[in-house]
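Q: Fold the following, please.
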Amino acid sequence: MKTIKTPILPINKTIVKTQGKHELDLEAICLFIAFGFFFDTDTYWRDEVVLSPGTTNQLDEKDTLIASKKWFDWHYSPREISFQQTLHEFTNLFETIVKEQTTNKNVILPISGGLDSRTQAAALRNHPNVKSYSYEYEHGYQETKIAKKIAATCHFPFQSFKVPKGYLWHCIEDLAEINQCYSEFTHPRQMAFFDSFRDMGDVFSLGHMGDLMFDSFGLPQLSFDEEADVLIKLLLKKGGFELANDLWQSWNLEGSFEAYFVLRLRELLKEIKIDNTNAKLRAFKTNYFVSRWSSNNLAVFEALHTVTLPYYDNRMFEFICTIPEEHLSNRQLQIAYIKQNAPDLAKITWQEQRPFNLNNYHLNKVPYNLPYRVANKTKRVYNDFCGKPYVSRNWELQFVGKENDVHLKHWLFESKLKDLIPLHIIQQFYDNFKEKDRIKYSHPVSMMLTLALFQEKFNNF
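A: As a prediction, this is how the structure comes out:
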């Protein structure tokens, strides 16, 4: 007998055996295609499951799951607490966690133009051994300029990278082995610089989850049905639904795909015993989306060094459950923390509110932002005219262009993918991407690419 207790939000998934035939779970794969992540404990196989977050699990001598029980339930139990007291508690908790995770370590800190990594930079500002880096898209926003200023303010050594066009094809098989094809391949941009991190330090300090923990959906109190509708609009990929629906019919699965995914999502939402709509949706997204999508991509970092995440600490989640929603909205805790503890970092441009910073981002509205918007639009039009279109999505560097197309067509049409997806469906969605709507159909193309690698590497039956 073996016992495995999972954290409130695991850094990596634990897959164990369960009862059933070793055959593909086609319904689960349809959900994966439509949403980009597997639901709940689903895997590719009917006789395998992922252990749920916040549970204690009993396995037999063959590592087959025989019982699972929750030890943590998401809740919303707000205290009567002022914003200043909340900030004080957050400061102590956050800096304690960061210190525990990084003391006597050589820290690698990825820095973006946003708030999560900036908050970590503030906490690590006096650490003696931090090296930092950032990257940006070729012909995209120059995010590394912001990151470089943050690093310089904290006296961190800094390295900048540019995401090169077509890098995916040189590392796609390695990436498939790392993430086991449980998330698509265009998001882990760090694969483009994988070897550069080997000698940079011995522990990553990552800011994942800060944006979800310290913001609000800004919704009024909704009914259960309305909450379910919000989640569907938030999580469902339109092109993904179209592909999953076609496959559902092609595979002759029972009922309709839409009825199936609505039922599954509503069942999961019922598991969150929280009345407050915004707190409930945060808990749902953490427990089901982050644990099965965001966390899966952490495997790329773990393939090189130990990974630490302050916002994944159990104490942070327990803290969040007791904070009034109004204190969590609009990133105000992180902003106040930076302004109070590292005011020089607050003066640096906030990418989401550019060209404004943490002190004046409230001016990001007409007429104050008109000069920047006009100048930015003019620059983009000029670059388009010069044959350098603006890039803001990773798939634009991996799927667009003749050389990329050669590799993409190889995996879609010359692999074992056609043993799972009928060739006419592959062709249809490839053509839709090329000829109709690149933005909408980039997701189903990316999911077919993921399944192509799964077929080649993991489906030997």
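
Q: in this structure, which segments are predicted with low confidence?
A: 380-385, 387, 461 (pLDDT under 70).

Q: can you give me the strands for it?
A: 2-5, 15-17, 48-50, 55-59, 65-70, 107-110, 130-137, 158-163, 203-205, 306-308 (DSSP state E).

Q: Tell me which other helices or strands the first one touches.
A: Contact here means 3 or more CB pairs under 8 Å, 6 or more residues apart in numbering; DSSP states H and E; on that basis strand 2-5 packs against strand 55-59. (C-beta placed from N, C-alpha, C; glycine too.)

Q: Let me know the angle separating the strand it packs on from strand 65-70.
A: Comparing the axes of strand 55-59 and strand 65-70 via axes from the mean of the first three to the mean of the last three CA atoms, to 10 degrees yields an angle of 170 degrees.

Q: Show me what strand 55-59 is packed against.
A: Under the contact criterion of 3+ CB pairs under 8 Å, 6+ apart, strand 55-59 touches strand 2-5, strand 65-70.

Q: what does the shortest one contact?
A: In this case it means strand 2-5. Thr14, Val16, Leu51, Thr55, Thr56, Asn57, Gln58, Leu59, Asp60, Asp63, Trp71 (CB atoms under 8 Å, 6 or more residues apart in numbering).

Q: And the longest one, by the same measure?
A: Where contact means CB under 8 Å, 6+ apart, the residues beyond strand 65-70 that reach it are 16-18, 49, 51-52, 54-60.

Q: can you do 10 Å?
A: 1-6, 14, 16-19, 41, 48-49, 51-60, 271 (CB atoms under 10 Å, 6 or more residues apart in numbering).

Q: so what's Val49 bridging to?
A: In this entry, Val49 is beta-bridged to Val16, by DSSP bridges.

Q: nope, Val107 is what I was after
A: Applying DSSP bridges, one finds that Val107 bridges with Val130, Val203.

Q: didn't it look like it was pressed against Ser205?
A: Yes: using CB atoms under 10 Å, Val107 is in contact with Ser205, at 5.2 Å.

Q: Find the residues that touch each one of these two.
A: Joint contacts of Val107 and Ser205 (CB under 10 Å, 6+ apart) are Val98, Gln101, Gln120, Leu124, His127, Val130, Ser132, Thr308.

Q: In a markdown table, list the residues you listed along with neighbour count and distance to Leu26.
A: Output for the shared contacts of Val107 and Ser205, formatted as a markdown table (neighbours: other CB atoms under 10 Å; distance: CB to CB, whole Å):
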| residue | neighbour count | distance to Leu26 |
| --- | --- | --- |
| Val98 | 21 | 44 |
| Gln101 | 19 | 41 |
| Gln120 | 27 | 41 |
| Leu124 | 22 | 46 |
| His127 | 19 | 49 |
| Val130 | 24 | 47 |
| Ser132 | 27 | 44 |
| Thr308 | 21 | 37 |
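
Q: ok, which pair from those residues is furthest apart?
A: Maximum pairwise distance among these (CB to CB): 16.0 Å, between Gln101 and Ser132.

Q: where do the helices sit along the stretch 1-150 of the chain?
A: Listed in chain order, the helices found in the stretch 1-150 of the chain under DSSP state H, counting those that start in this stretch are 26-35, 83-102, 116-123, 143-154.

Q: Output the ones you listed in JSON lines; the columns should cover distance to Asp211.
A: Below are the helices of the stretch 1-150 of the chain laid out as JSON lines (distance: least, CB to CB, whole Å):
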{"stretch": "helix 26-35", "distance to Asp211": "19"}
{"stretch": "helix 83-102", "distance to Asp211": "15"}
{"stretch": "helix 116-123", "distance to Asp211": "6"}
{"stretch": "helix 143-154", "distance to Asp211": "16"}
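
Q: For Asn245, which of those helices is the nearest?
A: Smallest distance to Asn245 across the helices of the stretch 1-150 of the chain (CB to CB): 7.9 Å, for helix 26-35.

Q: so what does that closest one touch, helix or strand wise?
A: When contacts are defined as 3 or more CB pairs under 10 Å, 6 or more residues apart in numbering; DSSP states H and E, helix 26-35 packs onto helix 224-235, helix 238-250, helix 257-270, helix 438-457.

Q: Now do the domain split for the protein, please.
A: Per automatic domain parsing, the structural domains of the chain span 1-73+224-266, 83-215+291-360, 370-457.
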